[in-house]
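Trainee: Next come a sequence and a model predicted from it.
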Amino acid sequence: MDNQRPHVKREAWKVFQIIAEFVDGFERLSDIHPAVSMYGSARLEEGHRDYQLAENIALALSNAGFSIISGGGPGIMEAANKGAFKGSSSSIGLNISLPHEQKANPYQDISLNFRHFFARKVMFVRYASAYVVLPGGFGTLDELAEILTLIQTGKTRKIPIILVNKDYWSGLLDWFHNTLLKAGTISEKDLELIQIRETPEEVLNVIFDFYERRGFAPSAEEEEKLLDL
């Protein structure tokens with residue numbers, strides 16, 4: 001038992017590092033509403049169709065008054081930050097320490113650094129008025145599953161989830177319909193959480209249509225949900 005004590009003490013002190021990440025995120029992002037969280041692959045470089053599309057969507061959203069939150073790294077994340085950086089609203093990067101792939105891009109007005117994925121995920125959700133998901137790999141799928149689960153279970157407020165690039169996502173959505181829905185593991189209502197769009201204008205229209213009869217700020221009830229993420 002004595003040999004385990006240093007390990008236990010180290011884990012206990014780790015809690016303070018986690019708390020510090022949350023406090024820093026809450027303090028620096030509390031005034032950025034409204035914002036859109038954008039997700040996508042770190043591996044799609046400048047010149048790729050989806051890189052350019054992400055940049056154009058972020059620019060349109062930024063000029064429409066939305067801060068853009070991305071993962072802060074290369075690829076689609078860089079494109080999102082670059083588009084926002086060119087626009088009139090804040091470009092925010094939620095950077096994560098990884099053994100490979102993640103390198104902070106230079107297009108960030110606000111740059112936060114995380115060691116823990118779960119703290120970073122809270123910031124993506126806590127301050128978003130919509131989610132825009134471009135083609136990506138396991139990390140993007142993880143984030144998509146996370147936001148779908150949080151909305152489906154009522155742990156966060158219902159806001160638009162917009163997938164961009166129908167050709168890329170159609171196989172996954174077919175599987176949702178033909179396997180998950182058929183097996184009874186999700187419902188038709190769950191599928192209504194997702195929309196597919198192809199252009200910056202269509203993405204903007206989805207978001208503004210959703211908020212047409214209400215403000216972007218969370219209601220008192222929604223704020224309570226966000227506090228319990």
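Mentor: Arrived safely. Keep in mind it's a predicted model, so treat the numbers as computed, not measured.
Trainee: The longest helix belonging to the chain: how far from the chain's middle?
Mentor: Looking across the chain with DSSP state H, the single longest helix is helix 5-29. How far helix 5-29 lies from its chain's middle: 22 Å, per CA atoms, centre = their mean, to the nearest Å.
Trainee: ok, now stretch 186-202?
Mentor: The answer for stretch 186-202 is 15 Å, by CA atoms, centre = their mean.
Trainee: Could you pull up the mean pLDDT of it?
Mentor: Per-residue pLDDT over stretch 186-202 has a mean of 97.
Trainee: Pull the residues that contact that stretch.
Mentor: Identification of contacts with stretch 186-202 by CB atoms under 8 Å, 6 or more residues apart in numbering yields 53, 56-57, 59-61, 148, 151-152, 158, 160-166, 169, 173, 176-177, 180-181, 203, 206. To be clear about C-beta, it is placed using only N, CA and C from the backbone, and glycine gets the same treatment.
Trainee: what helix or strand is the residue positioned nearest the centre of the chain on?
Mentor: By CA atoms, centre = their mean, the chain has its centre lying nearest to residue 37, at 4.0 Å. Assessed by DSSP states H and E, residue 37 sits inside strand 35-39.
Trainee: And residue 207, by the same measure?
Mentor: helix 200-210.
Trainee: do residue 80 as well
Mentor: Going by DSSP H and E, residue 80 is in helix 76-86.
Trainee: likewise residue 61?
Mentor: Going by DSSP H and E, residue 61 is part of helix 49-63.
Trainee: helices or strands up against that helix?
Mentor: The helices and strands touching helix 49-63, judged by 3 or more CB pairs under 8 Å, 6 or more residues apart in numbering; DSSP states H and E, are strand 35-39, strand 67-70, helix 76-86, strand 161-164, helix 200-210.
Trainee: re earlier: could you tell me which of the contacts of stretch 186-202 count as buried?
Mentor: 53, 56-57, 59-61, 148, 151, 160-165, 169, 176, 203, 206 (16 or more other CB atoms under 10 Å).
Trainee: what's the angle between the helix or strand bottoming out on mean pLDDT in the chain and strand 35-39?
Mentor: None of the helices or strands of the chain scores lower by mean pLDDT, DSSP states H and E than helix 5-29, at a mean of 86. On the basis of axes from the mean of the first three to the mean of the last three CA atoms, to 10 degrees, helix 5-29 is oriented at 130 degrees to strand 35-39.
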